[in-house]
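# no letters, just coordinates:
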C-alpha cells in the first residue's frame, strides 16, 4: 500500500487552509489585480531582505574592525593595523571552507536572476539564493572589495521565484516576478525606485513592455517604501551640481563615457586574469579566499576606502576635490582590490564598486580637464557623477538604470542629458570593443550562451527529440538500386532511410530519383544522400534549422547518438520551421500582453 504524500496529509488535516491556498493560486493566475498584489508582497519581502543584509553587514564591520556605531569601513579615519591584516585572512578561511562545504553537498552551480530568466523560465532555488546572500554579506563584512547588490537581487529574485513556483504561475508570469524581486531589492537598497524599475527591465527581463512595467513599478515602490521605513535605504549623495551647463560640458561627458568604457574593459579583463591565475595555481578552492585576504590587508593599510563596497567612502568624498596622485592611488587600489576579491572567490559583484571607481575616475578626468585651455570650469562633483554613471554602465550594463540611479541619488536633474550621454557612450564603447557586461562576460567564460535575461530557454526546450516523428520512417537495408526501386512505388514514399548490414544509418535514398534514373549497372552510392548529415535528439530547433541549411536538405534522420548511428526518427525542415514560428509568435504575444 502506497504512503500518502505530504500534500495529501496537509489536505486531510487542513482542508480549509488548502482550499484557501488553491483559491489564491487560481486568483493570481487569472486576475492581474491579484498578480499586482503578489508583486507588491514580493517587493516588500525583498526590501526587508535588503534591510536585514545591511544590518548584518554593518554589525560585522563594527564587530570585526572595532568601528564606532554609524561609521562605515571604507570611510573610517583609522582602523587597527592588526585587524586590517587579520580579518580578511581569517574571514577568507571561513568563507573558503563554507564554499567548499556548499560545493560538496550542492555540486550544481547556483543560478542567478539573469540566467534563470534567460534559460529556466524564472525558476531559481530559494535555498541557493539564501546561500548567496549569506556569502555576500560575509564577504563584504570581512572587508572584501565587493558590493552587496548581487546578493540583494539574488535574494529578492529567489523569494519571488519560490513564491511564484508555489502558485504554479505561467512561465511568463514567473519571469516577471523574478524581475519584480530584483527591481524591488535594488530600488530599496538605493532609495531609487526608478533605478530599480529599469534594473528589472533592462538587466533581468531584457525587454520593455507595457504589459510588464506596472508590476515592476509596484514591486520597486514597495521595496523602496519598506527599506525607507526600516531606515535601511541609501542616503542621498551630497554633491553640488551646476543648474546651467555650458555647451562644452556635453562633449566632455561623452568623452568621459568613452574613456570609462575603455578603462572598464581593462578592469573586467583584470578580474578574469586574476581568477584564471588562481585556477592555474592548482590551489584548493577553500584556500583562495585566504590568499585573497592576505593581499587585501596591505591595500587596506594604504586606505580603508579600498575595502568593502566603498559605500561610505563614495558618500563622504563624492563632492570633494582630490589631488591627482591621491585620486589615482585610490582608483588603482580599489580596482586591484575588487579584482583580487572576485578572482579569489569572495562572493559579490562590481555594482557599487563600479560606482565608486567611476566617481574617482571622474575626479581624475576633472584634474586633467583643468589644464585643457578653452574649457569652462566645472565643479568636480559634475565629473564625479558623470563618471560614476558611465563606469557603472560599462561594467554592469543598463544605461537607463544607472542614469536614474545618478539622478535619484543626487536629486538634481539639471545634468540629465550629460549623464545619459555619458552612459550611452560608455555602453556603445563596451559593446563595440568588448561585447559583454561583467555578468554576461562571466557567462561567456562558463560557456553559457546568453547575453541578457531575454528568454531563450524555450529554444533549448524545443528539441529535435520533441519534434521528430518516429512512426512514419521507412527503413530498408542496403541493396541494389533496382531492388530499392521496387520497395516504393512513385509518389507512395518520399524517402527511404538506408541501413547497412549492422543496422547503422547509411544515408537517405529518394524513390523519385530511382524511378527517374537509368539503373543499368548503377550502384547505390550515387543515390545515397546526407550520409554524414543527421540530427541528434538533444539538439535545439535552432541548431536543427542551421543544419538543414548547411546540408541543403528538406528532411534529416535523427540518430540515437553518433557512435551507434541507430535511427530513431526523422524531422522535416518544414515542420521544424512551422513549430519554431509558432513559438516565436507565442512569445511575441506574451511580451505584448495580448
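Happy to help now that I have it. Every value quoted in this text rests on a predicted model; they were computed, and no experiment measured them. Numbers count the residues shown, from 1 in each chain.
# going forward, measure contacts between C-alpha atoms and count neighbours the same way
Will do.
# for residue 20, the count of nearby residues, please.
Neighbour count of residue 20, defined by other C-alpha atoms under 10 Å: 11.
# skip ahead from whichever strand or helix holds it and say which helix or strand is next.
Counting by DSSP states H and E, the element that carries residue 20 is helix 15-30. Following helix 15-30 in sequence order, the next helix or strand is helix 32-65 (DSSP H and E).
# who are the packing partners of that next one?
Counting contacts by 3 or more C-alpha pairs under 8 Å, 6 or more residues apart in numbering; DSSP states H and E, helix 32-65 packs against helix 15-30, helix 81-105, helix 126-141, helix 149-166, helix 171-190, helix 213-229.
# turn those into a markdown table, including distance to residue 409.
Supplementary listing: the helices and strands packed on helix 32-65 in a markdown table, determined by distance: least, C-alpha to C-alpha, whole Å:
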| stretch | distance to residue 409 |
| --- | --- |
| helix 15-30 | 34 |
| helix 81-105 | 30 |
| helix 126-141 | 22 |
| helix 149-166 | 16 |
| helix 171-190 | 7 |
| helix 213-229 | 13 |
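# which among those helices is found nearest to residue 272?
Nearest to residue 272, of all the helices and strands packed on helix 32-65, is helix 149-166, at 17.9 Å by C-alpha to C-alpha.
# quick one, that closest one and helix 171-190 angle?
With axes from the mean of the first three to the mean of the last three C-alpha atoms, to 10 degrees defining the directions, helix 149-166 sits at 150 degrees from helix 171-190.
# just the endpoints, please. Distance across stretch 339-354?
Between the opening and closing residues of stretch 339-354 lies a distance of 11 Å (C-alpha to C-alpha, to the nearest Å).
# what is the rounded mean pLDDT of that stretch?
Computed over stretch 339-354, the mean pLDDT rounds to 93.
# flag every buried residue along stretch 230-246.
By neighbour count on 16 or more other C-alpha atoms under 10 Å, the buried set for stretch 230-246 is 232, 233, 234, 237, 238, 239, 241.
# stretch 283-296 now?
Result for stretch 283-296 [16+ other C-alpha under 10 Å]: buried residues 285, 286, 287, 288, 289, 290, 291, 292, 293, 294, 295, 296.
# and the third one, its phi and psi?
When you say that, I think you mean residue 287. phi -90, psi -20 (degrees, to the nearest 10).
# which residue lies closest in space to it, excluding its sequence neighbours?
Nearest in space to residue 287, with sequence neighbours left out and distances taken as C-alpha to C-alpha, 6 or more residues apart in numbering, is residue 96 at 6.1 Å.
# kindly report the same for residue 175.
Residue nearest to residue 175 in three dimensions, not counting chain neighbours: residue 122, with 4.3 Å by C-alpha to C-alpha, 6+ apart.
# how close does the one you found get to residue 218?
According to C-alpha to C-alpha, residue 122 and residue 218 sit 19 Å apart.
# higher neighbour count, the two?
More crowded of residue 122 and residue 218, by other C-alpha under 10 Å: residue 122, with 35 against 24.
# the more buried one belongs to a strand?
No - judged by DSSP: H, G, I helix; E, B strand; the rest coil, residue 122 forms no part of a strand; its state is coil.
# you'd agree it is up against residue 178?
Yes - the pair residue 122 and residue 178 qualifies as a contact (C-alpha atoms under 8 Å) at a distance of 6.1 Å.
# who touches both of the two?
Taking C-alpha atoms under 8 Å, 6 or more residues apart in numbering as the contact definition, residue 122 and residue 178 share the neighbouring residues 113, 161.
# how about residue 461: what's its closest non-neighbour residue?
For residue 461, ignoring the flanking residues on the chain, the nearest one in space by C-alpha to C-alpha, 6+ apart is residue 540 at 7.0 Å.
# and what of residue 377?
Spatial nearest neighbour of residue 377, excluding adjacent residues (C-alpha to C-alpha, 6+ apart): residue 370 at 7.3 Å.
# mind listing the helices in the stretch 201-350 of the chain by residue range?
Read by DSSP state H, counting those that start in this stretch, the stretch 201-350 of the chain holds these helices, from start to end of the chain: 213-229, 249-280, 288-302, 311-317, 324-343.
# among those helices, show me which one is buried the most.
Comparing the helices of the stretch 201-350 of the chain by mean neighbour count (mean count of other C-alpha atoms under 10 Å), helix 213-229 ranks first with a mean of 26.
# give me the neighbour count for residue 83.
15.
# my read: it touches residue 65, true?
Yes - shown here, residue 83 and residue 65 form a contact pair, counting by C-alpha under 8 Å, at 5.9 Å.
# follow-up on the earlier one: could you measure the residue nearest to residue 377 against residue 361, distance?
Plainly put, residue 370 is 14 Å away from residue 361 if you go by C-alpha to C-alpha.
# same thing with residue 544?
With distances defined as C-alpha to C-alpha, the gap from residue 544 to residue 361 amounts to 48 Å.
# just residue 152 next, same as before
For residue 152, the distance to residue 361 under the criterion C-alpha to C-alpha works out to 26 Å.
# of the two, which one has the most company?
Neighbour comparison, residue 152 and residue 361: the larger count goes to residue 152, with 32 against 29 (by other C-alpha under 10 Å).
# doesn't residue 568 lie inside a strand?
Yes - when three-state DSSP is applied, residue 568 is found to be in a strand.
# lowest average confidence, helix or strand, in this structure?
Lowest by mean pLDDT, DSSP states H and E among the helices and strands of the chain is helix 6-13, with a mean of 45.
# low-confidence ranges, the stretch 301-450 of the chain, go.
In the predicted model of the stretch 301-450 of the chain, residues 373-376 satisfy pLDDT under 70.
# kindly report the same for the stretch 451-594 of the chain.
Residues of the stretch 451-594 of the chain that meet the criterion pLDDT under 70 lie in 455, 458, 471-472, 480-485, 487-492, 517-523, 588-594.
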